[in-house]
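Colleague: just coords:
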């Protein structure tokens, strides 16, 4: 059974993006660096003995979890196929708004969609379709987003000017009038 300190090391390394130096782990756990080194070595040996799919390794002056080297074919397949995952309709709608309105803030996209778009915007940013392009000069200096080169590549576009005009997707005046008539209560 793992000690509380070992469990704490696991928890910290699980959420860390970069390798964590033993000195920082020692500070957080209020133990010596030598104790951290010994616990990390014991944990790494335990994972290896249990033939786990991950390993605790020392890299770049710190410790981190990484997939076990002998499972790299599975990880490669996941990474390659995971990048081709289909996008949700919420993600496609949000991406379209950013593409046509850029530079645009999260608040502006939320106002257009009528829902909070923070999670969707983060996903689009992680996937490399949008990026921070500027700051709004107004109060609060909101981050403004735009599309990336990868967005253009995935859509097979040379420039944003190659996006189809929005008018192609707007119903004509006769359709709008029919919709309005259908929404009016009978008098």
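Modeller: Received the coordinates, thanks. As the structure is a computational prediction, the values presented were derived from the model and not from experiment. Numbers count the residues shown, from 1 in each chain.

Colleague: got a list of contacts for the one helix or strand residue 145 maps to?
Modeller: For residue 145, the host element (DSSP states H and E) is strand 143-147. Contacts to strand 143-147, defined as C-beta atoms under 8 Å, 6 or more residues apart in numbering, come from residues 95, 98-99, 102-106, 109, 121, 125, 129-136, 160. C-beta coordinates here come from the backbone N, C-alpha and C atoms, glycine included.

Colleague: excluding chain neighbours, give the residue nearest to residue 14 in space.
Modeller: residue 65 (6.7 Å; C-beta to C-beta, 6 or more residues apart in numbering).

Colleague: check which residues of the host helix or strand of that neighbour are buried.
Modeller: Using DSSP H and E, residue 65 maps to strand 62-67. Buried residues in strand 62-67, counted by 16 or more other C-beta atoms under 10 Å: 62, 63, 64, 65.

Colleague: that older thread, distance check, the residue nearest to residue 14 against residue 21.
Modeller: To residue 21, residue 65 is 15 Å away according to C-beta to C-beta, to the nearest Å.

Colleague: same check, this time on residue 29
Modeller: 13 Å.

Colleague: how about the residue nearest the centre of the chain, phi and psi?
Modeller: Central residue of the chain (C-alpha atoms, centre = their mean): residue 126, 3.5 Å from the mean position. Phi and psi for residue 126, reported as degrees, to the nearest 10, are phi -60, psi -40.

Colleague: report how many residues lie close to residue 144.
Modeller: 19 (other C-beta atoms under 10 Å).

Colleague: show me where the protein has its helices.
Modeller: Using DSSP state H, the helices of the chain run over 4-15, 22-29, 33-49, 72-82, 89-101, 106-113, 118-126, 149-155, 173-183.

Colleague: buried ones in the second one?
Modeller: With burial defined by 16+ other C-beta under 10 Å, the residues of helix 22-29 counted as buried are 22, 25, 26, 29.

Colleague: closest to residue 180 among the residues you listed?
Modeller: The closest of these to residue 180 turns out to be residue 25 (C-beta to C-beta; 64.6 Å).

Colleague: from residue 75, how far out is that closest one?
Modeller: Per C-beta to C-beta, residue 25 is found 26 Å from residue 75.
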